[in-house]
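In: pasted the sequence and its predicted model underneath.
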Amino acid sequence: MSETSSLQDAQRTFIDALPFATQSAENVPLAEALGRTLHGDVIAPEDMPPYHRAIVEGYLVRTEDTQGAVEGAPVRFRVIGEVNPGDDHCPEIGHHEALRVVTGSLVNDGQLSIVRQWEALEGDDGFDIERPFPPRFFIEDRGCDQAKGGVVVASGTRIGPDEIGLIASHGITEITVAQAPVVTLFSSCDEVIPYDQPLLPGQIRDSNSLMLAAAVQQAGGTARIAGIMSDDFEAFVAVAREALKNSDMLLISGGTAVGGRDFIADLIRATGTLVVDGVPMRSGRPLIMGHSEGKPMVCVAGHPPEALRGFRLFGAAAIQRLLGTEAELPQDG
């Protein structure tokens, strides 16, 4: 079996073993919602646009008065006023009367059309047209973008700048999002030391904790760095069990096998359910996954590039599952 097919099978097996949408909801100000996952649809409290409006510069006329206009036999209109953006009403117009409008001007309901500026043959007391216009020509009707009561942004959407702008256009200041899953991170192995410490022969700095914490945050979670665990199995089991009480997910890098023992696989068995016991990867079979009462446990390689790749292939998808969304599984990290 190829690495790709084995990887995809492992991804599907792991994700299918996890519960869907386990996070509670919380309300956050819209200005602080970037990157959060929407919990429930955002419903439009009003029509958008909230009134009929012109979308070009020109003249507002009665549609019926334009009928019969042809080149060589124009129809004349008299300009009786203007409507500017911000005006709270649009005057009624009579036969062969017109109002000057610009983009955003409020217009009335009914059989009206806008003669674009360049199509009006302007004279001293008005303008002529030499063709008919269809009803509501270059008029954007109330609610054409979004009707009141419709879904503005669907539940499960990751909030980005586009969504923030769209929600803000409806005057909504607060939205309901899924609480960010708390992911506790451990680095493992006796030779690993804190990244800010001087190296001694045989040691390696822990760059994975900060790197994976950033990846967790990028995926929509909250990272909690719990430190470096030595190759003491019973101590690690006790610490992992405690961490699971206050976390939604565990992420462990390194320590796959110690002294001939399947250290991490046994750790998962001791604290939960082993789901995937090794996936063929560039650096061997370091990817091991399981869960403890539905809380994902993702164990990746100690080598930093492979650790990040493993998280992107499995950990990010697990976070999305906890948030109630299911993104397409990546084929390569």
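Out: Received, thanks.
In: tally up the residues packed near residue 232, please.
Out: By other C-beta atoms under 10 Å, the residues close to residue 232 number 12. In short, each C-beta sits where N, CA and C put it, glycine included.
In: tell me the contacts of it?
Out: Contacts for residue 232 were tallied using C-beta atoms under 8 Å, 6 or more residues apart in numbering; there are none.
In: if I look at it, how far off is residue 189?
Out: Between residue 232 and residue 189 the computed distance is 11 Å (C-beta to C-beta, to the nearest Å).
In: so residue 83 versus residue 101, what's the distance?
Out: Residue 83 sits 5 Å away from residue 101, going by C-beta to C-beta.
In: could you break the chain into its assigned domains?
Out: For the chain, automatic domain parsing gives the domain ranges 3-23+180-322, 25-48+146-178, 53-140.
In: reformat those domains as TSV; add mean pLDDT.
Out: Formatted as TSV, the entries for these read as follows, by pLDDT from 0 to 100:
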stretch	mean pLDDT
domain 3-23+180-322	87
domain 25-48+146-178	95
domain 53-140	96
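In: and among these, the most buried is which?
Out: Most buried of these by mean neighbour count (mean count of other C-beta atoms under 10 Å) is domain 3-23+180-322; its value is a mean of 19.
In: find residues that contact each of residue 83 and residue 101.
Out: With the criterion set as C-beta under 8 Å, 6+ apart, the overlap between the contacts of residue 83 and residue 101 is 54, 60, 107.
In: so which of the residues you listed comes closest to residue 113?
Out: Sorting the shared contacts of residue 83 and residue 101 by distance to residue 113 puts residue 60 at the head of the list, at 7.6 Å, by C-beta to C-beta.
In: in this protein, which residue is most central in space?
Out: Relative to the mean C-alpha position of the chain, the nearest C-alpha, by C-alpha atoms, centre = their mean, is the one of residue 158, at 2.1 Å.
In: measure the closest residue to that one other than its chain neighbours to residue 325 for me?
Out: Distance criterion C-beta to C-beta, 6 or more residues apart in numbering; nearest residue to residue 158, sequence neighbours excluded, is residue 37 at 5.6 Å. With distances defined as C-beta to C-beta, the gap from residue 37 to residue 325 amounts to 6 Å.
In: swap in residue 136?
Out: Taking C-beta to C-beta, one finds residue 136 at 39 Å from residue 325.
In: do the same with residue 230
Out: Residue 230 sits 37 Å away from residue 325, taking C-beta to C-beta as the criterion.
In: now do the strands in the stretch 201-333 of the chain.
Out: 204-206, 222-229, 249-253, 273-277, 288-292, 295-300 (DSSP state E, counting those that start in this stretch).
In: again with the stretch 51-200 of the chain
Out: Using DSSP E, counting those that start in this stretch, the strands of the stretch 51-200 of the chain run over 53-54, 58-62, 75-83, 97-101, 112-116, 121-122, 127-129, 139-140, 151-153, 174-178, 182-188, 192-194.
In: CSV for those strands, including distance to residue 246?
Out: As requested, these are exported to CSV (distance: least, C-beta to C-beta, whole Å):
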stretch, distance to residue 246
strand 53-54, 53
strand 58-62, 64
strand 75-83, 61
strand 97-101, 61
strand 112-116, 62
strand 121-122, 74
strand 127-129, 73
strand 139-140, 52
strand 151-153, 31
strand 174-178, 18
strand 182-188, 7
strand 192-194, 22
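In: those strands: which one's closest to residue 307?
Out: Using C-beta to C-beta as the criterion, the shortest distance between residue 307 and the strands of the stretch 51-200 of the chain is 9.1 Å, found for strand 182-188.
In: describe which strands that closest one pairs with in its sheet and in which direction.
Out: Using DSSP bridges, the strands paired with strand 182-188 in its sheet are strand 222-229 (parallel), strand 249-253 (parallel).
In: to residue 87, which of those strands lies closest?
Out: Distances from residue 87 to each of the strands paired with strand 182-188 were compared using C-beta to C-beta; the shortest belongs to strand 222-229, at 48.5 Å.
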